[in-house]
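# got a predicted structure plus its sequence, pasted below:
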Amino acid sequence: MPPEPLHARVAGTLRGRIVDGTLPVGGPLPSEAQLAEEFGASRGTVRQALSALRNEGLIEGGQGRQPVVSRQPMGQPFETFLSFTAWAEQSGHRPGQHTIEVARRGAGVTAAAALGLRPGDPVVDVLRLRLIDGHPVMLERSSFVLDLGMLLFEFDLDAGSIYAGLTARGADLAVATHTIDAIAAPAHDADLLEVEEGSPLLRERRTTKTSDGRPVEYADDRYRPDRATFTIANARTQRLAVVRDMSDPGGPS
């Protein structure tokens with residue numbers, strides 16, 4: 001596995017200190033000179049790390065002003081976005097799921113790249129069909145790094161949220177990046193989602209990381225667009241928010 005860039009390691013360490021309260025909200029960060037000395041890094045590397053935290057909305061200041069912690073990483077809102085179960089329940093609907101497969105196998109090329117692994121390194125793959133009020137809405141494919149994925153064999157994946165089960169067992173799920181696009185439904189997906197082959201599906205690809213920046217999950221979730229959409233809301237002073245919206249799950253198939 002290639003070594004993690006120093007700026008990412010600096011950002012991950014500072015992020016972890018913000019999460020655990022070592023660097024409290026409203027408190028200042030160490031100076032660039034102090035951070036450069038602590039990590040054996042150049043000022044440019046430190047500035048890259050601070051820029052990443054600033055883009056995440058965790059710190060503010062700069063350009064002559066000492067950066068201060070503006071907020072901790074999202075807690076419940078982040079979990080709510082990741083958790084299909086929480087999203088459905090908060091929307092007043094009944095979530096459901098059917099686990100089609102959970103298996104230890106070699107990582108595919110795409111998942112391996114996202115997780116910082118080599119193709120063929122062991123991961124745990126999950127395939128689940130997600131339901132709203134008994135109707136198929138989303139097909140969930142996830143690849144977890146082995147140590148985290150092995151926890152999936154300790155609880156019933158059909159009982160509810162995988163994220164809730166993992167965090168209850170001490171998993172650190174702190175940061176995620178999302179890519180949203182559209183694809184044509186392949187035959188297998190179309191059959192499970194009860195749509196015509198080639199029908200458009202909304203796809204959300206996600207890489208989830210720990211508070212210190214380690215990638216632990218790569219996911220490829222595919223939604224029926226007649227039953228779920230995404231709304232993106234942003235403001236100049238707020239972090240970007242991406243919210244799933246529910247169409248009528250009882251609508252026409």
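Here it is on my side, so go on.
# can you list the domains in the chain?
6-69, 76-246 (automatic domain parsing).
# give the rounded mean pLDDT of the last one.
Put plainly, it is domain 76-246. In this model, domain 76-246 has a mean pLDDT of 84.
# again with the first one
Domain 6-69 shows a mean pLDDT of 85 in the predicted model.
# need the domains of the chain in TSV (columns: mean neighbour count).
Using the backbone N, CA and C atoms, a C-beta is placed for each residue, glycine as well. Converted to TSV, those look like this (neighbours: other Cβ atoms under 10 Å):
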stretch	mean neighbour count
domain 6-69	16
domain 76-246	16
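# ok, Glu194 touching Leu139?
No - using Cβ atoms under 8 Å, Glu194 is not in contact with Leu139, being 10.9 Å away.
# what helix or strand does Arg54 sit in?
helix 43-55 (DSSP states H and E).
# that helix packs against which elements?
Judged by 3 or more Cβ pairs under 8 Å, 6 or more residues apart in numbering; DSSP states H and E, helix 43-55 is in contact with helix 6-19, helix 32-39, strand 59-60.
# what do you get if the cut-off is 6 Å, keeping everything else the same?
helix 6-19, helix 32-39 (3 or more Cβ pairs under 6 Å, 6 or more residues apart in numbering; DSSP states H and E).
# can I get those helices in a markdown table with distance to Pro200?
Shown next, in a markdown table, are these (distance: least, Cβ to Cβ, whole Å):
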| stretch | distance to Pro200 |
| --- | --- |
| helix 6-19 | 35 |
| helix 32-39 | 46 |
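# ok, which of those helices comes nearest Gly96?
For the helices and strands packed on helix 43-55, the distance to Gly96 is smallest for helix 6-19, at 32.2 Å, taking Cβ to Cβ.
# output that closest one as PDB, nothing but the C-alphas.
Extracted in PDB, the C-alpha atoms of helix 6-19 (Å, rounded to 0.1, in the frame of the first residue of the first chain):
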ATOM      1  CA  LEU A   6       2.300  13.800   5.000                       C
ATOM      2  CA  HIS A   7      -0.300  16.500   4.600                       C
ATOM      3  CA  ALA A   8      -3.100  13.900   4.800                       C
ATOM      4  CA  ARG A   9      -1.500  12.500   8.000                       C
ATOM      5  CA  VAL A  10      -1.300  16.000   9.500                       C
ATOM      6  CA  ALA A  11      -4.900  16.700   8.600                       C
ATOM      7  CA  GLY A  12      -6.000  13.300  10.000                       C
ATOM      8  CA  THR A  13      -4.300  13.900  13.300                       C
ATOM      9  CA  LEU A  14      -5.700  17.300  13.800                       C
ATOM     10  CA  ARG A  15      -9.200  16.000  12.800                       C
ATOM     11  CA  GLY A  16      -8.900  13.400  15.400                       C
ATOM     12  CA  ARG A  17      -8.000  16.000  18.000                       C
ATOM     13  CA  ILE A  18     -11.100  18.000  17.100                       C
ATOM     14  CA  VAL A  19     -13.300  14.900  17.300                       C
END
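# fine by me, thanks again.
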